[in-house]
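Engineer: Turn this into a structure:
(4 chains)
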Number of protein chains: 2
Amino acid sequence: MAPPDEQLPPKAATERVSAATVGRLPEYLRALMELAANDEASVSSDGLSVLTNVNSATVRRDLATLDITGTRGLGYDVKYVVHEISLVLGLSQEWAVVIVGAGNLGRALANYQGFASRGFPVRAIVDIDPSLVGTTMGDQVVSHLDDLETIVDGKDVSVAVIATPAANAQAVADRLVDAGLSSILNFTATPVVVPAHVQVRQVDLATELQILSFYHQRTSAAVGGTGVPLVDRSTGSGT
Amino acid sequence: MAPPDEQLPPKAATERVSAATVGRLPEYLRALMELAANDEASVSSDGLSVLTNVNSATVRRDLATLDITGTRGLGYDVKYVVHEISLVLGLSQEWAVVIVGAGNLGRALANYQGFASRGFPVRAIVDIDPSLVGTTMGDQVVSHLDDLETIVDGKDVSVAVIATPAANAQAVADRLVDAGLSSILNFTATPVVVPAHVQVRQVDLATELQILSFYHQRTSAAVGGTGVPLVDRSTGSGT
DNA sequence: TTCTGTGAAATAGTTCACAGCG
DNA sequence: CGCTGTGAACTATTTCACAGAA
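Structural biologist: This next block holds a predicted model:
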């Protein structure tokens, strides 16, 4: 263990976690849950490295940052790490989700089981279009956007997903903030501006395709010509 | 156009572009198209900085990396930069997309207009489930996965989207590669392994929520309590 | 021996600050 | 002037490499 220092405040490890590390936590978690499902009791940083494609030193440093310790000579206790990472990510409880926008994308997301199965049950869907309000979607009845506040309070919703046309994104975000929500996942291409205490994540599906397109081009352009070039899987077999 | 140089090594600017820069290009593009739609002829790096929330020095450096030049005292020519970035991202042509998996997510994506409108028309949807094959979805009839190769060749498809259950992701990816595709967008939580010449992008929607959850927690934990916001609803007396 | 935990080196990416062009 | 283009400083992140615990 690291030499403890009695003078320092307890541990707000969370404070020191870099964005890069946070981005890897869900990956670790996925790999670890797979291991757990396979009844693996422990795993080395090398093992996790292979499963996640993250350098093993990075794995160790990430975990150490979270004060997650392993056993020298053995590795990390799978269940323990799952528990700790879940805690750090705030996954020890469910977070109810409201989807705003019952158009194609909203409908898609409402039916998508992947949210609920990962601890984010969709508890409401809202839209402004009166012809959609009252229709059933997934296992929810579409409500009117105006009822947002009631829904948020009544169903303990804490996360909103924006799936409206891009032009409405900002207006929707404003209403979400007014309704007291402070976590927003925006699937619109338009970034929204929110107060500092509100978290937003921008995910644009077409952007992903554009980036893919870039790398596709670059790869095609890089003609080596010698049969099968470059097999790059960074598993550091160093010295 | 940049001055062609017959003597120097071909020096494609593309080679030197960092991943960080690539990630910002779609953002620049979006902002620039907005400007273009507004008949703005030119924009300064400061202007773009405001629109994209990227430091202006970073904007200038990114563009300079792509050999995109501006005019001192004036700024960048909007149309010219749109053209150049589109070129770099490979967006001067359309890329036809095949969606694999006609379940909830696949259906959602098939109906989503955001792909086509950004230059990625969905030209086919395939599944293995015989009861889905032949049904209509979006403006496509669902085909069988076995016909993939024919479809890819016949419709000039170059990008695949995996929207199957996670357990099938790797098998699907293998078939996609066999069919000659080299750009894959994987919406499954399971990462897939592919040959080096194939580009994959992993986008897991639940992961986005997990990351959001982390920042939500961190923000709530950092209670300053001075006056304004702070939603108390989410305080952990959970389900 | 195996594998963690971590200084220290190496890389990557961002931002400042300013010379100099239009 | 205003604004680009870029050396140089700075900050962040990754990776090496190894002492030492189990």
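Engineer: next SSE after the longest helix seen in chain A?
Structural biologist: Longest helix of chain A, by residue count under DSSP state H: helix A:19-37. Going down the chain from helix A:19-37, the next helix or strand is strand A:42-43, by DSSP states H and E.
Engineer: Which SSE is immediately downstream of that next one?
Structural biologist: helix A:45-52.
Engineer: Flag the shaky bits of chain A, pLDDT-wise.
Structural biologist: A:1-13, A:222-239 (pLDDT under 70).
Engineer: that older thread, what residues of the longest helix of chain A count as buried?
Structural biologist: Buried residues in helix A:19-37, counted by 16 or more other Cβ atoms under 10 Å in any protein chain shown: A:21-22, A:24-32, A:35. Heads up, the C-betas are built off the backbone N, CA and C, glycines and all.
Engineer: Using JSON lines, lay out those residues together with distance to A:Ala96.
Structural biologist: Shown next, in JSON lines, are these (distance: Cβ to Cβ, whole Å):
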{"residue": "A:Thr21", "distance to A:Ala96": "27"}
{"residue": "A:Val22", "distance to A:Ala96": "22"}
{"residue": "A:Arg24", "distance to A:Ala96": "26"}
{"residue": "A:Leu25", "distance to A:Ala96": "22"}
{"residue": "A:Pro26", "distance to A:Ala96": "19"}
{"residue": "A:Glu27", "distance to A:Ala96": "25"}
{"residue": "A:Tyr28", "distance to A:Ala96": "25"}
{"residue": "A:Leu29", "distance to A:Ala96": "20"}
{"residue": "A:Arg30", "distance to A:Ala96": "22"}
{"residue": "A:Ala31", "distance to A:Ala96": "27"}
{"residue": "A:Leu32", "distance to A:Ala96": "25"}
{"residue": "A:Leu35", "distance to A:Ala96": "29"}
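Engineer: of those residues, list those near DNA strand D.
Structural biologist: A:Thr21 (Cβ under 7 Å from any atom of the strand).
Engineer: Would you point out the most distant pair within the buried residues of helix A:19-37?
Structural biologist: A:Val22 and A:Leu35 (21.0 Å; Cβ to Cβ).
Engineer: ok so, going back, kindly format the C-alpha coordinates of the longest helix of chain A as PDB.
Structural biologist: Output of helix A:19-37 as PDB, limited to C-alpha atoms (Å, rounded to 0.1, in the frame of the first residue of the first chain):
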ATOM      1  CA  ALA A  19     -11.000  12.500 -18.500                       C
ATOM      2  CA  ALA A  20      -8.900  10.000 -20.300                       C
ATOM      3  CA  THR A  21      -9.200   7.600 -17.400                       C
ATOM      4  CA  VAL A  22     -12.900   8.200 -17.000                       C
ATOM      5  CA  GLY A  23     -13.300   7.200 -20.700                       C
ATOM      6  CA  ARG A  24     -11.700   3.900 -20.000                       C
ATOM      7  CA  LEU A  25     -13.600   3.000 -16.900                       C
ATOM      8  CA  PRO A  26     -16.700   1.700 -18.800                       C
ATOM      9  CA  GLU A  27     -14.400  -0.500 -20.900                       C
ATOM     10  CA  TYR A  28     -12.700  -2.000 -17.800                       C
ATOM     11  CA  LEU A  29     -16.100  -2.600 -16.300                       C
ATOM     12  CA  ARG A  30     -17.300  -4.400 -19.400                       C
ATOM     13  CA  ALA A  31     -14.300  -6.600 -19.500                       C
ATOM     14  CA  LEU A  32     -14.500  -7.300 -15.800                       C
ATOM     15  CA  MET A  33     -18.100  -8.200 -15.900                       C
ATOM     16  CA  GLU A  34     -17.300 -10.700 -18.600                       C
ATOM     17  CA  LEU A  35     -14.700 -12.200 -16.400                       C
ATOM     18  CA  ALA A  36     -17.000 -12.300 -13.500                       C
ATOM     19  CA  ALA A  37     -19.600 -14.000 -15.600                       C
END
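Engineer: if I pick the residue nearest the centre of chain A, what's in contact with it?
Structural biologist: Note on chain A: the residue nearest the mean C-alpha position is A:Pro26, at 6.6 Å, using Cα atoms, centre = their mean. Neighbouring residues of A:Pro26 by Cβ atoms under 8 Å, 6 or more residues apart in numbering or on different chains: A:89, B:204, B:206-207, B:210-211.
Engineer: from those residues, which single one is nearest A:Val126?
Structural biologist: The nearest member of those to A:Val126, counting by Cβ to Cβ, is B:Ala206 at 21.0 Å.
Engineer: Counting neighbours, what do you get for the closest residue to chain B within chain A?
Structural biologist: Closest residue of chain A to chain B, Cβ to the nearest Cβ: A:Ala108 (1.8 Å). Residues near A:Ala108, counting by other Cβ atoms under 10 Å in any protein chain shown, number 23.
Engineer: can you check A:Val161 too?
Structural biologist: A:Val161, neighbours per other Cβ under 10 Å, totals 30.
Engineer: other SSEs contacting whichever strand or helix holds it?
Structural biologist: Here A:Val161 is covered by strand A:157-162, with elements defined by DSSP H and E. Here strand A:157-162 touches strand A:96-100, helix A:169-178, strand A:183-186, helix B:205-221, going by 3 or more Cβ pairs under 8 Å, 6 or more residues apart in numbering or on different chains; DSSP states H and E.
Engineer: Just give the number of residues close to A:Arg83.
Structural biologist: To be clear, residue A:83 is His; Arg isn't right here. 15.
Engineer: Can you pull the domain assignment for chain A?
Structural biologist: The record's domain parsing of chain A by automatic domain parsing lists A:13-89, A:96-207.
Engineer: To DNA strand C, which of the ones you listed lies closest?
Structural biologist: With Cβ to the nearest atom of the strand as the measure, domain A:13-89 is the member of the domains of chain A nearest DNA strand C (2.8 Å).
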